[in-house]
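Undergrad: need the 3D shape of this:
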Amino acid sequence: MFRKLALAAALAAASFTAAAADKYEFDGGHTNVVFSWNHFGLSNPSARFAKIEGELLLDTADLTKSSVSVTLPIDSIQTDVPKFDEHLRSADFFDLAKFPTATFKSSKVEKAGDNKLKVSGDLTIHGVTKPAVLDVTVNKIGEHPMSKKPAAGFDASTTIKRSDFGIGKYVPNVSDEVKIQITTETKKAG
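TA: Take a look at the predicted model:
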């Protein structure tokens with residue numbers, strides 16, 4: 001009997017915790033995922049993902065109970081140079097034909113100061129999954145001034161080594177380290 005009560009209490013607590021996080025959708029017009037690298041020591045070009053798919057489960061009472069899952073379609077990479085876009089999508093780099101997406105799925109959210117978070121998770125690029133940590137700034141959580149609906153905005157950054165993901169072509173002339181910068185606005189679903 002005690003076990004049944006304990007199990008019922010645990011399930012009730014789990015469902016209450018899950019209910020505290022609301023689903024937020026990414027605003028494609030106000031979300032950018034940009035990555036940059038060093039090219040032969042001469043320049044620091046960048047590219048961006050024009051599409052982002054996924055969801056943010058946001059617990060505004062306790063941000064550490066939030067989670068994020070994102071998919072970035074490789075065919076949406078844009079540099080404003082069509083031939084270079086094709087090269088980045090080729091087998092030399094992302095290999096779109098074999099690996100059509102990159103993903104990030106959070107596993108832990110920690111406070112890191114005022115309006116700062118560390119979001120740990122699994123980053124998958126080129127079919128390889130590695131741990132990654134995003135340094136996040138909470139820009140604002142509250143009512144969107146135009147839509148009058150709940151909204152949240154964040155900036156995030158991390159640096160990865162592309163060779164860790166099997167994308168080491170031209171290292172070290174083209175830097176192994178790639179900086180990733182993210183800015184996003186999200187709106188509560190519904």
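
Undergrad: low-confidence ranges in this protein?
TA: Residues of the chain that meet the criterion pLDDT under 70 lie in 1-19.

Undergrad: what are the ranges of the strands in it?
TA: Ranges of strands in the chain, per DSSP state E, are 22-26, 32-36, 46-49, 53-58, 67-73, 77-78, 101-111, 116-125, 128-143, 150-161, 177-188.

Undergrad: okay if I get the ones you listed as TSV plus distance to Asp95 and mean neighbour count?
TA: The C-beta positions use only the backbone N, C-alpha and C, and glycine is treated the same way. Shown next, in TSV, are the strands of the chain (distance: least, C-beta to C-beta, whole Å; neighbours: other C-beta atoms under 10 Å):
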stretch	distance to Asp95	mean neighbour count
strand 22-26	25	17
strand 32-36	16	18
strand 46-49	15	18
strand 53-58	20	18
strand 67-73	14	18
strand 77-78	12	18
strand 101-111	11	16
strand 116-125	10	18
strand 128-143	11	14
strand 150-161	17	18
strand 177-188	16	18
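
Undergrad: out of those, nearest to Phe84?
TA: strand 46-49 (8.0 Å; C-beta to C-beta).

Undergrad: can you list contacts of that closest one?
TA: Residues from elsewhere that reach strand 46-49 (C-beta atoms under 8 Å, 6 or more residues apart in numbering): 32-37, 72-73, 76-79, 85, 88, 102.

Undergrad: got a list of what the closest residue to Asp164 other than its chain neighbours touches?
TA: Leaving out its chain neighbours, the residue that sits closest to Asp164 by C-beta to C-beta, 6 or more residues apart in numbering is Lys130, at 5.5 Å. Residues in contact with Lys130 (C-beta under 8 Å, 6+ apart) are Asp122, Leu123, Thr124, Ile160, Asp164, Phe165.

Undergrad: from His144, how far off is the closest residue to the third one other than its chain neighbours?
TA: Nearest-residue entry for Thr124: Thr103, 4.7 Å, with adjacent residues in sequence omitted and distances by C-beta to C-beta, 6+ apart. In this structure, Thr103 and His144 are 27 Å apart, going by C-beta to C-beta, to the nearest Å.

Undergrad: beta partners for the residue nearest to Asp164?
TA: Per DSSP bridges, the residues bridged to Lys130 are Leu123.

Undergrad: look up how far Asp114 lies from it.
TA: Distance, Lys130 to Asp114, using C-beta to C-beta: 29 Å.

Undergrad: same check, this time on Pro172
TA: Applying C-beta to C-beta, the value for Pro172 to Asp114 is 38 Å.

Undergrad: more crowded one of the two?
TA: Taking other C-beta atoms under 10 Å, Pro172 and Asp114 do not tie; Pro172 has more neighbours (11 against 7).

Undergrad: list the contacts of that one.
TA: Applying C-beta under 8 Å, 6+ apart to Pro172 gives no contacts.
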